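*Asks:* using only what follows, build the 3D model:
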Amino acid sequence: MTHTFESWTAEHVPDQSGKTVLITGANSGIGYFTARALAEAGAHVIVAGRDIDKVAQAIAKIDPQRVSGTLEAGLLDLASLASVNTFATDILGRHSTLDILVNNAGVMMPPAAKTEDGFEQQIGVNFIGHFALTGLLYDRLSQTPDARIVTLSSIAHRGGIIDFDNMKLEKPYDPKREYYQSKLADLMFALELGRRIDAKGHKLLSLACHPGFTTTELQRHLDPKFLEGMSFMDTWQGSLPTLMAATIAAPKQGSYYGPDGPGEFGGFPAIGAIDDAALDADTAQKLWDLGQSATGVRFP
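*Replies:* Residues are numbered from 1 along each chain as shown. Sure, this is the predicted structure:
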């Protein structure tokens, strides 16, 4: 961990006036605080979530006196590729530019379930859904000067293994194993996307981040005993790595941000440590192929 940005907070977010930002899962948790901070910095923020009433409630909670930008509600269910397609079509029809896409939404260790398209829920929502959304919006992003894509991963990527024979609950369900796999897939996706962008010569950044141990609704499925003795940051602080990735000047392609404390569990944002498993180019290529075949979306 490099302590380059000590005590970086939302107050350091540069002016975002004129920018259009799309954040998935922005009605609660890290996504909500990311949306609020970017709207306060002047951006037009599309607050996307799978429950439009909750999205409206989240927008209503943001103090208009502090917001110099604007907020827009969007209905998006990442567990349904049909919903992703409908949402992306709507966004493309109404927005001529897209400066920042934050792939924030996720599920963590829920009871065993499949997405509408038959994938295990965690890999389906956390990776497959975001792969499709990113691909469908890619041309608009690449045509917007200095645009960037930010994908949330997790410390849990360190323990993940990509098992291509267990994407649709082919094996007995292990919520922790499947979550770790999905978060490794997210980071590998962000890094592979960056490599592909550079190969195409497109002026676009793919970045990644993780929130460390942060209090969010993601933990609602966890056994309280599992959480005993663990220390969690407040949600606003957990959103800082995302805000840094989304707004810091001149980041390098493929940069990964997380808290700067011991183990990257807590602290203020800085450059994070990427596990060797996430750097496996052969697996990344195979994962990309899976994303394309699962979604029918090919890019860049």
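
*Asks:* so where's the longest helix in the chain?
*Replies:* When the chain is parsed with DSSP state H, its longest helix is helix 175-200.

*Asks:* give the buried residues for the helix or strand hosting Ala132.
*Replies:* Applying DSSP states H and E as the criterion places Ala132 in helix 130-142. Buried residues in helix 130-142, counting neighbours by 16 or more other Cβ atoms under 10 Å, are found at His130, Phe131, Ala132, Leu133, Thr134, Gly135, Leu136, Leu137, Tyr138, Arg140, Leu141, Ser142. To be clear about C-beta, it is placed using only N, CA and C from the backbone, and glycine gets the same treatment.

*Asks:* tell me the pLDDT of the nearest residue to Gly124 once chain neighbours are set aside.
*Replies:* Using Cβ to Cβ, 6 or more residues apart in numbering and skipping residues adjacent in sequence, the residue nearest Gly124 is Thr115, 3.5 Å away. At Thr115, the pLDDT value in this model is 98.

*Asks:* who are the contact partners of Thr115?
*Replies:* Shown in contact with Thr115 (Cβ atoms under 8 Å, 6 or more residues apart in numbering): Ala79, Ser80, Gln121, Gly124, Val125, Ile128, Gly129.

*Asks:* let's see that with 7 Å instead.
*Replies:* By Cβ atoms under 7 Å, 6 or more residues apart in numbering, Thr115 lies in contact with Ala79, Ser80, Gln121, Gly124, Val125.

*Asks:* for Ile52, same thing?
*Replies:* With Cβ under 7 Å, 6+ apart, Ile52 has these contacts: Ala73, Leu75.

*Asks:* will you turn the buried residues of helix 130-142 into a markdown table that also has pLDDT?
*Replies:* Formatted as a markdown table, those follow (pLDDT from 0 to 100):
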| residue | pLDDT |
| --- | --- |
| His130 | 98 |
| Phe131 | 99 |
| Ala132 | 98 |
| Leu133 | 99 |
| Thr134 | 99 |
| Gly135 | 98 |
| Leu136 | 98 |
| Leu137 | 98 |
| Tyr138 | 98 |
| Arg140 | 98 |
| Leu141 | 98 |
| Ser142 | 98 |
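
*Asks:* kindly export stretch 247-259 (C-alpha atoms) in PDB.
*Replies:* C-alpha atoms of stretch 247-259 as PDB (Å, rounded to 0.1, in the frame of the first residue of the first chain):
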ATOM      1  CA  THR A 247     -12.300  12.000  -9.900                       C
ATOM      2  CA  ILE A 248      -8.500  12.100  -9.200                       C
ATOM      3  CA  ALA A 249      -6.500  13.800 -11.900                       C
ATOM      4  CA  ALA A 250      -4.500  11.700 -14.300                       C
ATOM      5  CA  PRO A 251      -4.600   8.200 -12.800                       C
ATOM      6  CA  LYS A 252      -2.800   5.400 -14.600                       C
ATOM      7  CA  GLN A 253      -4.800   2.900 -16.600                       C
ATOM      8  CA  GLY A 254      -5.700  -0.100 -14.400                       C
ATOM      9  CA  SER A 255      -5.100   1.700 -11.100                       C
ATOM     10  CA  TYR A 256      -6.700   0.100  -8.000                       C
ATOM     11  CA  TYR A 257      -7.600   2.100  -4.900                       C
ATOM     12  CA  GLY A 258      -8.400   1.000  -1.300                       C
ATOM     13  CA  PRO A 259      -8.000   2.100   2.300                       C
END
